[in-house]
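Asks: Sequence and predicted structure below; questions after.
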Amino acid sequence: MSFAAVRRTLIFLHRWIALILTPVFLVIIVTGAVLSFRPIVNSGQGPQPGTTVDVAALTQIIGTIERTGKPGAISVVEGGRVLQVLSQDPAVAGRWDVASGAHTPAPSGGIDIFRTAEGLHKTLLLGLGIVVEIASFLMLGIMVAGPFLAWLRFRNSLMGWHTAIGWLLLPLTLTSPVTAVMLSLHIGTGSRPELPRAKRPVSITQALAIAGPDLDLSRLAGARRFRGGTVMLQIAPDATGRNGGGFVVTDTGVTPLVGGPGLVKQIHEGTWGGAWSGTLNFGISMVLLGLTVTGVYSWVRRRARNRVRPVAAGGDILVAHASQTGTAARLAGAVFEGLIAGGEKATLAPLGALKPADIARFPLVLLVASTTGEGEVPDGARALLKRMKASDLKGIRFAMLALGDRSYANFCGGGQRMREALLAAGGVEALPLREADGDPSGAFLAWVDAVRGDLALNCTIAGLPAVSPPLALTVADRQRLDVPDTDNTRETWKIFLQSAEDLAFRPGDLVRIAAGAGERPRSYSVGSSSRVDPRRIALTVRLHEWTAEDGARHLGRVSGFLLREAEQGVTVEARLDPHPGFNPPADPSWPIMMIAAGSGIAPFPGFIAERRASGRAGPAWLIFGNRHRDGDFLWRDMFETALADGTLTRMDTAFSRDSDDGARVQDRLRQHAAEVFEWLVETKAIVYICGRRAMAEAVLENLAQVLVTEGGLKPEAARAEIGQWVAEGRVRVDTFN
Ligand SMILES: Cc1cc2nc3c(=O)[nH]c(=O)nc-3n(C[C@H](O)[C@H](O)[C@H](O)COP(=O)(O)O)c2cc1C
């Protein structure tokens, strides 16, 4: 077994054993804390070494007590002025004043807190001593495994403190379970002498008389009757700290109890140093309590985060979508609602969130799939596409609407690949493939008609799903983001678009802008939030320019228009589309990692602004890469301010063309693999990746690499895991070319 596999097993055991035994641990720890007060309370109660008590008075009062009833145990407290009597017999239980003989009965019905705590601590008050013993073994195991689970590295978070305290105080906290385990194995418990037998039972008064010649009763600390008719006398040490201990008295004489409690027992009970060691034990109990509570709490939190929100289950029809920028998802949603309104049983799900086996459960699948990149399936569906090839979907029927654009070389390539995979796995087409070119409205309505007619399904669609209306946005302000007079930067601007009315948008949404009527629009990520200003949209626009074969310079159609023609005050026509797949988490306290290269930084200023405005931003880590620190550090002031005010927890940069750096974002992931692993696996951060497709792919590969080096996964398993995270939305990718 590799070290990583051992570590994974330890993590698993640490968490699950701790969790299952938490109730038992809590009882043991809390009662242990209560019991650690016993040596504190007891210290200074009996005769102190060197002090003496009035033996005659003591003998007299004990005689009175024994004539009145049946004492179980008698302790000499308050320096010999008072006797504390434990007994079932209410006539004698309570406190007796040695001088006056006055009796203060024990409150009836009162419970002896130490006795109860001890009962719970040893047997859970249910005679379950074996459970407690097993629990101490497991507690020891959990604590020893602890340091292997997370290296000592301080972070100011709940788990950071759990780890640091667990590590640093380990030698101390280990004493409790170690001594408990030793006690249950009878190691160091002290010798148990064979007790002498009495021929005739003796009372405590008689025992005092018998022991008088042999023992210094002026240091009597307590007396107790045993079943066989013997009496045990406890004598406090003398001024030299010696000659104390227990003595068994029978009608024939006195026998010292040799051995006494062993060191292990004293350490476990905190009695080796009186009040001092009791306090130390109490401290240990509190640390153990803290570790248990924080451990369980973080587990609960992790579970809550991990819970995959299932899509409405049930029904015979699966409506699935593979969507990069949300269009296919919106259309699939409309079909789903139409089916439900028509009384059909249907389930709606993003394709990437499903396994082939999930799909196989449905006799009919309606699929809307778009194309991205150069004829590829959307990011979320890529892992599934691979898996589908080796799966068995015999018997399922499917109907697909593919979205695309003929101005791309590979028209509807993504949908076609998906269709081929479904056919190869044994699926059968229920309707011929329908392809949408550009605006999908017409093809969508025709497809829904076929679903209704040829498949005889009730699907009530009132109209087309809301397509975003055209908006008139005015260029309110623009600033260059790169520094033009440094070498070799790429011309990039921030542009603020102003709306005359309030709009609802979130960072990561898409603004589609065309340079002229009927031209293909280009999408830009929204870098601001309507929660901060509902009329102002921030964009990051890089100028696309290239030299043609004839040497002529060309500008990108839309970026050229925005940066060369749409000066301040110019109004542009745009559409604003939600892009829920790339919005920051609704809960701003959720940890996020933002990984961007070049103008892929576009959505993240909006992420920061929205989280800052919420007032409860959680951890956020930005990894940004570009060419030159001096010229290309886009939005530098904004992010440095965020780092200073805490909205950003951590920022790493990579400048590929700086001679003192030369790294890319993916290199940073490998360099900080341990922290990345922690953010991915422990903190469960949502990872947002924005940039060119090749960059996103390199980042995904390096994330998988981190799971290999830090988590011990095999490369294939690590890639599958990342693929699953992409499908579940824990890793989100927004790419452009
Ligand atoms: C970066 C990018 C690449 C695209 N590549 C293709 C392509 O290769 N072939 C194609 O037919 N359509 C392509 N399209 C068009 C989309 O498939 C089309 O706009 C679709 O409606 C988007 O749907 P979605 O929002 O669900 O992802 C591309 C669009 C974008 C933004």
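Replies: Thanks, I have the structure now.

Asks: now what about the longest strand belonging to the chain, what contacts it?
Replies: In the chain, assigned by DSSP state E, the strand with the most residues is strand 470-480. If you take Cβ atoms under 8 Å, 6 or more residues apart in numbering as the criterion, strand 470-480 is touched by 491-500, 503, 511, 536-537, 566-576. All C-beta spots, glycine's among them, are computed from the backbone N, C-alpha and C.

Asks: Let me see the ranges of the helices in the stretch 451-600 of the chain.
Replies: For the stretch 451-600 of the chain, the helices defined by DSSP state H, counting those that start in this stretch occupy 557-560.

Asks: ditto for the stretch 51-200 of the chain
Replies: Using DSSP H, counting those that start in this stretch, the helices assigned to the stretch 51-200 of the chain run over residues 55-68, 113-123, 129-149, 158-168, 170-173, 175-184.

Asks: ok, residues contacting the shortest one?
Replies: Counting contacts by Cβ under 8 Å, 6+ apart, the residues outside helix 170-173 that touch it are 143, 146, 147, 166, 284, 287, 288, 291.

Asks: On the three-state scheme, the residue of the chain positioned farthest from its centre is what?
Replies: Here the chain has its C-alpha centre computed as a mean, and the residue farthest from that point, by Cα atoms, centre = their mean, is residue 213 with 68.5 Å. With DSSP: H, G, I helix; E, B strand; the rest coil as the basis, residue 213 sits in coil.

Asks: pLDDT score assigned to it?
Replies: Predicted confidence (pLDDT) for residue 213: 88.

Asks: The nearest residue in space to residue 720 that is not next to it in sequence: neighbour count?
Replies: For residue 720, ignoring the flanking residues on the chain, the nearest one in space by Cβ to Cβ, 6 or more residues apart in numbering is residue 383 at 6.9 Å. By the measure other Cβ atoms under 10 Å, the count of residues near residue 383 is 20.

Asks: Would you mind pointing out the helix or strand the residue of the stretch 151-300 of the chain found nearest the ligand falls in?
Replies: In the stretch 151-300 of the chain, the residue that lies nearest the ligand is residue 300 (36.2 Å; Cβ to the nearest ligand atom). Counting by DSSP states H and E, the element that carries residue 300 is helix 275-306.

Asks: so what does that helix touch, helix or strand wise?
Replies: Packing partners of helix 275-306 (3 or more Cβ pairs under 8 Å, 6 or more residues apart in numbering; DSSP states H and E): helix 3-20, helix 22-35, helix 37-42, helix 158-168, helix 170-173, helix 175-184, helix 263-269.

Asks: Could you save the ones you listed as TSV and add columns showing mean pLDDT, mean neighbour count and distance to the ligand?
Replies: Formatted as TSV, these follow (pLDDT from 0 to 100; neighbours: other Cβ atoms under 10 Å; distance: least, Cβ to the nearest ligand atom, whole Å):
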stretch	mean pLDDT	mean neighbour count	distance to the ligand
helix 3-20	78	15	37
helix 22-35	92	20	46
helix 37-42	76	18	66
helix 158-168	86	17	37
helix 170-173	92	14	52
helix 175-184	91	20	56
helix 263-269	86	19	65
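
Asks: ok so, going back, what about the helix or strand containing the residue nearest to residue 720, average pLDDT?
Replies: With secondary structure defined by DSSP H and E, residue 383 is part of helix 382-388. Confidence over helix 382-388, taken as the mean pLDDT, stands at 88.

Asks: can you list the residues that contact that helix?
Replies: The set of residues external to helix 382-388 that reach it, using Cβ under 8 Å, 6+ apart, is 351-352, 354-356, 376-377, 417-418, 421-422, 424-425, 720, 723-724, 726-727.

Asks: circling back to that earlier point, so how far is residue 697 from the residue farthest from the centre of the chain?
Replies: In this structure, residue 213 lies at 94 Å from residue 697, with Cβ to Cβ, to the nearest Å as the measure.

Asks: Please apply the same query to residue 555.
Replies: Between residue 555 and residue 697 the distance, using Cβ to Cβ, works out to 28 Å.

Asks: Check residue 605 too.
Replies: 24 Å.

Asks: more crowded one of the two?
Replies: residue 605 (23 against 17).

Asks: Tell me the spatial nearest neighbour of the more buried one, not counting adjacent residues.
Replies: residue 527 (4.5 Å).

Asks: pretty sure that neighbour contacts residue 541?
Replies: No. Residue 527 is beyond contact range of residue 541, at 10.2 Å (criterion: Cβ atoms under 8 Å).

Asks: Find residues that contact each of those two.
Replies: residue 494.

Asks: And the two? Which one has more around it.
Replies: The residue with the greater number of neighbours, taking residue 527 and residue 541 and applying other Cβ under 10 Å, is residue 527; the counts read 27 against 24.

Asks: Show me what the helix or strand harbouring residue 398 is in contact with.
Replies: Under the criterion DSSP H and E, the helix or strand holding residue 398 is strand 397-404. Contacts with strand 397-404, where a contact means Cβ under 8 Å, 6+ apart, come from 327-328, 331, 363-371, 411-416, 418-419, 422, 427-431, 433-437, 440, 443-444, 447, 450-451, 455.

Asks: ok, and does that strand reach over to the ligand?
Replies: Yes. Remark: strand 397-404 sits within contact range of the ligand at 403, 404, by Cβ under 6 Å from any ligand atom.

Asks: Restricting to C-alpha, output that strand in PDB.
Replies: Extracted as PDB, the C-alpha positions of strand 397-404 are listed here (Å, rounded to 0.1, in the frame of the first residue of the first chain):
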ATOM      1  CA  ARG A 397     -34.700   6.400 -27.200                       C
ATOM      2  CA  PHE A 398     -33.500   9.900 -27.600                       C
ATOM      3  CA  ALA A 399     -34.400  13.100 -29.500                       C
ATOM      4  CA  MET A 400     -31.800  15.800 -29.900                       C
ATOM      5  CA  LEU A 401     -31.800  19.500 -30.600                       C
ATOM      6  CA  ALA A 402     -28.300  20.700 -31.400                       C
ATOM      7  CA  LEU A 403     -27.400  24.400 -31.200                       C
ATOM      8  CA  GLY A 404     -24.700  25.800 -33.300                       C
END
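
Asks: Can you tell me how far the nearest residue to residue 618 once chain neighbours are set aside is from the ligand?
Replies: Counting by Cβ to Cβ, 6+ apart, the nearest residue to residue 618 once its immediate chain neighbours are dropped is residue 589, at 3.9 Å. Relative to the ligand, residue 589 is positioned 29 Å away (criterion: Cβ to the nearest ligand atom, to the nearest Å).

Asks: Wait, residue 589 touches residue 616, no?
Replies: Yes. With contact taken as Cβ under 8 Å, residue 589 and residue 616 are classed as touching, separated by 5.2 Å.

Asks: between these two, who's got more neighbours?
Replies: In this view residue 589 and residue 616 are compared by other Cβ under 10 Å, and residue 589 has more residues nearby, 11 against 8.

Asks: For that one, give me its contacts.
Replies: For residue 589, the contacting residues are 616, 617, 618, taking Cβ under 8 Å, 6+ apart as the criterion.

Asks: if you look at the residues you listed, which of them are in strands?
Replies: The strands in this structure, assigned by DSSP E, contain none of the contacts of residue 589.

Asks: now the residues you listed in CSV, with distance to residue 32 and pLDDT?
Replies: As requested, the contacts of residue 589 are exported to CSV (distance: Cβ to Cβ, whole Å; pLDDT from 0 to 100):
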residue, distance to residue 32, pLDDT
616, 37, 88
617, 40, 91
618, 35, 92
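
Asks: Having no further points to raise, I will conclude here.
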